[in-house]
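**Q** Make a model of this:
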Amino acid sequence: MAGQPDDTAPATGSDGALAEITPPYEGEYPIVIEGLRNAFGEHVVHDDLSLKVRRGEILGVVGGSGTGKSVLMRSIIGLQRPQAGRIEVFGKDITGAEPDQNIGVRSHWGVLFQGGALFSTLTVAENVEVPLKEFFPELATELRHEIARYKVVLTGLPADAASKFPSELSGGMRKRAGLARALALDPELLFLDEPTAGLDPIGAALLDDLIRNLTDTLGLTVFLITHDLDTLHAICDRVAVLADGQVVAIGTIPELLRSDHPWIQEYFNGPRARAATATADRRQRDGAAGPGAGGKALDRPAGQGA
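**A** So this is what the prediction gives:
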């Protein structure tokens, strides 16, 4: 990005403390989780959960209600401190660290929370500028405005959406505005929590296509929480299934269908799943199948992660 400090330049956190920006990650697994445990009182959400996310993939994360999909994402980005286990992001152990200790790592990921989580009193462009102000307060005002406008257009919004408030946007436009903010810092990692929730089928399909295109164009690694079977079929390279406090299986959808786990069979063989499979098959026949239709071998290493 023009005008952005290079990867070895210091970043400044909201408290004014400097931290070194980490260089682009070259390893195979930008996210590695080992032995994770999350509990709220007597309720154990994760117990000895392990998972590896491959660089450059879109990993879909599914599971029943209460399996801790969002808790897992919050643990990775430092909003939830686990009781046990280890989380590495870009090769750095972030478990238990204070946010400002990992400011260089945090500047390399972006997050789209469910519903967009936009600041209602700020315009779309001002929302996009929030992380720019936090991590790069030395940027000139006009350059910051230019970056924000570019990110807005990058996500398929019209240029004039930059000056609108969230209340003036449709649900789909708010999702794209939240995505523009998540992309503000040119992240390597993108976390998406139910990005198509609440959208009509056409809007959801368009957002799926946008996520796939951005991933391929920008070289992103995407951690995508969803219950949308069409999304899983259309754009996910692999799918991780949370159940029983762990990642019980991970692989492409055809590989998961060979699992004998009851939840996986019920989820991927139900009426809605059959409809999503038919849609994916139709797209494949038309020459527009998503990458999740083929893919890599099912992973079941020790600890049931991958």
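
**Q** which residues in the stretch 101-250 of the chain form helices?
**A** In the stretch 101-250 of the chain, helices defined by DSSP state H, counting those that start in this stretch lie at 103-106, 124-135, 141-154, 171-182, 201-218, 229-235, listed in chain order.

**Q** Would you reformat those as a markdown table and include mean neighbour count?
**A** C-beta coordinates here come from the backbone N, C-alpha and C atoms, glycine included. As requested, the helices of the stretch 101-250 of the chain are arranged in a markdown table below (neighbours: other C-beta atoms under 10 Å):
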| stretch | mean neighbour count |
| --- | --- |
| helix 103-106 | 23 |
| helix 124-135 | 21 |
| helix 141-154 | 18 |
| helix 171-182 | 24 |
| helix 201-218 | 17 |
| helix 229-235 | 25 |
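
**Q** Let me see the contact set for residue 123.
**A** The contact partners of residue 123, by C-beta atoms under 8 Å, 6 or more residues apart in numbering, come to 162, 163, 164, 165.

**Q** Just the buried ones from these?
**A** Neighbour counting over the contacts of residue 123 (16 or more other C-beta atoms under 10 Å) leaves 162, 164 as the buried ones.

**Q** What residues does the residue positioned nearest the centre of the chain make contact with?
**A** The structure's the chain has its C-alpha centroid closest to residue 191; by C-alpha atoms, centre = their mean the separation is 1.8 Å. In this structure, residue 191 makes contact with 73, 76, 77, 109, 110, 111, 112, 182, 222, 223, judged by C-beta under 8 Å, 6+ apart.

**Q** Tell me the one among these nearest to residue 229.
**A** Each of those was scored against residue 229 by C-beta to C-beta, and residue 222 proved nearest at 17.3 Å.

**Q** Confirm for me that that closest one is in contact with residue 57.
**A** Yes - at 7.3 Å, residue 222 and residue 57 qualify as touching, with contact defined as C-beta atoms under 8 Å.

**Q** so where's the stretch 1-150 of the chain uncertain?
**A** Judged against pLDDT under 70, the low-scoring parts of the stretch 1-150 of the chain cover residues 1-23, 96-103.

**Q** Please enumerate the strands of it.
**A** With DSSP state E, counting those that start in this stretch as the criterion, the stretch 1-150 of the chain has strands at 10-12, 18-20, 31-40, 43-53, 58-63, 84-89, 92-93, 109-112.

**Q** now, of the ones you listed, which is deepest in the fold?
**A** By mean neighbour count, with neighbours taken as mean count of other C-beta atoms under 10 Å, strand 58-63 ranks first of those at a mean of 25.

**Q** helices or strands up against that one?
**A** Helices and strands touching strand 58-63, by 3 or more C-beta pairs under 8 Å, 6 or more residues apart in numbering; DSSP states H and E, are helix 69-76, helix 201-218, strand 221-225, helix 229-235, strand 238-243.

**Q** In terms of secondary structure, what does the first one contact?
**A** The elements that helix 69-76 packs onto, with contact taken as 3+ C-beta pairs under 8 Å, 6+ apart, are strand 31-40, strand 43-53, strand 58-63, strand 84-89, strand 189-193, strand 221-225.

**Q** before we move on, the earlier item: out of the helices of the stretch 101-250 of the chain, which is closest to residue 29?
**A** Taking C-beta to C-beta as the criterion, helix 103-106 is the member of the helices of the stretch 101-250 of the chain that comes nearest to residue 29, at 14.4 Å.

**Q** Can you work out which other helices and strands pack against that closest one?
**A** Packing partners of helix 103-106 (3+ C-beta pairs under 8 Å, 6+ apart): strand 18-20.

**Q** how near is the closest residue in space to residue 165 that isn't next to it in sequence to residue 33?
**A** Among residues not flanking residue 165 along the chain, residue 123 sits closest, at 5.8 Å (C-beta to C-beta, 6 or more residues apart in numbering). Going from residue 123 to residue 33 by C-beta to C-beta, to the nearest Å gives 37 Å.

**Q** and if you look at residue 90?
**A** Here the distance between residue 90 and residue 33 works out to 13 Å (C-beta to C-beta).

**Q** Kindly report the same for residue 44.
**A** Counting by C-beta to C-beta, the gap between residue 44 and residue 33 amounts to 16 Å.

**Q** Contacts only, for the residue nearest to residue 93 when sequence neighbours are not counted.
**A** Leaving aside its chain neighbours, residue 93 sits nearest to residue 86 (6.2 Å; criterion: C-beta to C-beta, 6+ apart). For residue 86, the set of contacting residues under the criterion of C-beta under 8 Å, 6+ apart consists of 32, 33, 34, 35, 36, 93, 95.
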